[in-house]
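Visitor: mind looking at a prediction? Sequence and model below.
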Amino acid sequence: MSNKEQQIGGLDGFILVTASKKKRRTTQNFKCPFNIHLKNHESKKPSEESCDLGITAFLQNFKKIEENLIASDFFKEIVNLIEPLLNQAKIEAIICLGLGKLSECLISCYQLALIRCLKGKLKDFSGKIQFFDPIFTYKDIEILQLLDTAVLSENLEGKYLADQKTLFYLPHCPKQISNNLLWRNWQPELLKNVYLICNSFENIILGNPERVLNDNATYILKAEKFCKEIKFLNNFRYTDIFNDFSLHYFDTSTFFTDPGLSVEPEYKIADLELITRKIQTNLKLKNGYN
């Protein structure tokens with residue numbers, strides 16, 4: 001290489017390889033020291049003996065991640081931006097979708113740390129965060145349960161009913177999942193319960209042609225008129241973890257029912273971004289487990 005590589009130790013237990021000090025850091029050059037690898041793409045449940053050591057190491061490192069995140073300017077600024085709103089709303093449920101493989105991905109670990117740390121700032125919330133991702137492995141599920149969270153078993157493709165004040169956390173999830181969530185709650189008495197941290201709706205609308213939005217993000221497009229968005233400043237030291245995050249909530253006083261928006265979204269196979277129930281079932285059958 002033309003630029004001198006430098007290894008830096010002591011950062012959350014990870015090793016950074018950098019080509020230039022002027023470049024902002026991403027997680028691309030970090031390796032997770034607590035990867036838990038299993039054969040056959042995690043298709044078989046491992047024995048307890050084979051994974052206890054890996055999980056212990058993971059939890060030790062994850063505690064450091066949470067501590068470092070809480071101490072960061074990024075987290076302090078996020079708390080100042082959204083804590084008053086969420087506490088005023090009196091959040092009753094937290095649902096996280098699409099977190100990814102914790103046992104393999106550093107980005108997923110930091111994204112998990114964010115929602116757990118935000119939960120700690122909610123004065124009236126005493127429940128468990130609920131998680132779902134169709135790619136969770138046995139190890140991911142075990143880790144989440146050890147962290148005192150709940151893991152959901154059914155793939156609703158984002159179509160969760162907000163019958164109580166709910167904070168939905170969709171870190172870097174496909175826009176079709178957010179679109180499905182909006183469809184499921186496309187009534188003023190339900191939308192007022194939705195608080196959604198995900199990729200910025202404004203950026204989705206500005207960054208996609210009209211055809212793509214009409215085919216894959218109809219409800220996001222229609223919600224623009226009464227959606228309030230609080231953008232997160234991406235000043236965390238790793239710039240590919242929380243980039244494009246925003247908190248969205250809805251002023252339903254300006255909501256009006258559009259009869260043309262009562263049909264459940266359907267997506268062309270060529271445009272699919274999410275893992276549907278059908279795809280998930282096929283993957284399980286292919287890998288030989290249920």
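Guide: Yep, it's here.
Visitor: center of the chain, which residue is that?
Guide: Pro171 (2.5 Å; Cα atoms, centre = their mean).
Visitor: which one is that one nearest to, not counting chain neighbours?
Guide: Gln111 (4.2 Å; Cβ to Cβ, 6 or more residues apart in numbering). (C-beta placed from N, C-alpha, C; glycine too.)
Visitor: shouldn't that neighbour be within a helix?
Guide: Yes. Looking at Gln111 with DSSP: H, G, I helix; E, B strand; the rest coil, it is inside a helix.
Visitor: now Ile143: how far from Asn61?
Guide: 11 Å (Cβ to Cβ, to the nearest Å).
Visitor: more neighbours: which of these two?
Guide: Counting neighbours by other Cβ atoms under 10 Å for Ile143 and for Asn61 shows that Ile143 has the greater number, 25 against 17.
Visitor: just to revisit the earlier point, show me what contacts the residue nearest to the centre of the chain?
Guide: 96, 98-99, 108, 111, 114-115, 197-198, 242, 245 (Cβ atoms under 8 Å, 6 or more residues apart in numbering).
Visitor: quick one, phi/psi of it?
Guide: phi -70, psi 110 (degrees, to the nearest 10).
Visitor: can you check the pLDDT for it?
Guide: You'll see Pro171 listed with a pLDDT of 97.
Visitor: kindly report the same for Ser103.
Guide: pLDDT, read off for Ser103, is 84.
Visitor: wait, isn't it in contact with Lys139?
Guide: Yes. Taking contacts as Cβ atoms under 8 Å, Ser103 lies within contact range of Lys139: 4.4 Å.
Visitor: what about the strands in the stretch 151-290 of the chain?
Guide: Secondary structure of the stretch 151-290 of the chain by DSSP state E, counting those that start in this stretch: the strands cover 166-169, 194-199, 227-231, 245-250.
Visitor: most tightly packed of those strands?
Guide: With neighbours taken as mean count of other Cβ atoms under 10 Å, those reach their highest mean count in strand 166-169, at a mean of 24.
Visitor: now it: how far from the chain's centre is it?
Guide: 10 Å (Cα atoms, centre = their mean, to the nearest Å).
Visitor: which secondary structure elements does that strand contact?
Guide: strand 93-97, strand 194-199 (3 or more Cβ pairs under 8 Å, 6 or more residues apart in numbering; DSSP states H and E).
Visitor: who's in contact with Phe168?
Guide: Per Cβ under 8 Å, 6+ apart, neighbours of Phe168: 94-97, 160, 162, 181, 194-198.
Visitor: please identify which of these is nearest to Ile204.
Guide: Cys198 (9.2 Å; Cβ to Cβ).
Visitor: who is that closest one paired with across the strands?
Guide: Ser246 (DSSP bridges).
Visitor: and Lys119, how far is that from Gly127?
Guide: Taken as Cβ to Cβ, the span from Lys119 to Gly127 is 9 Å.
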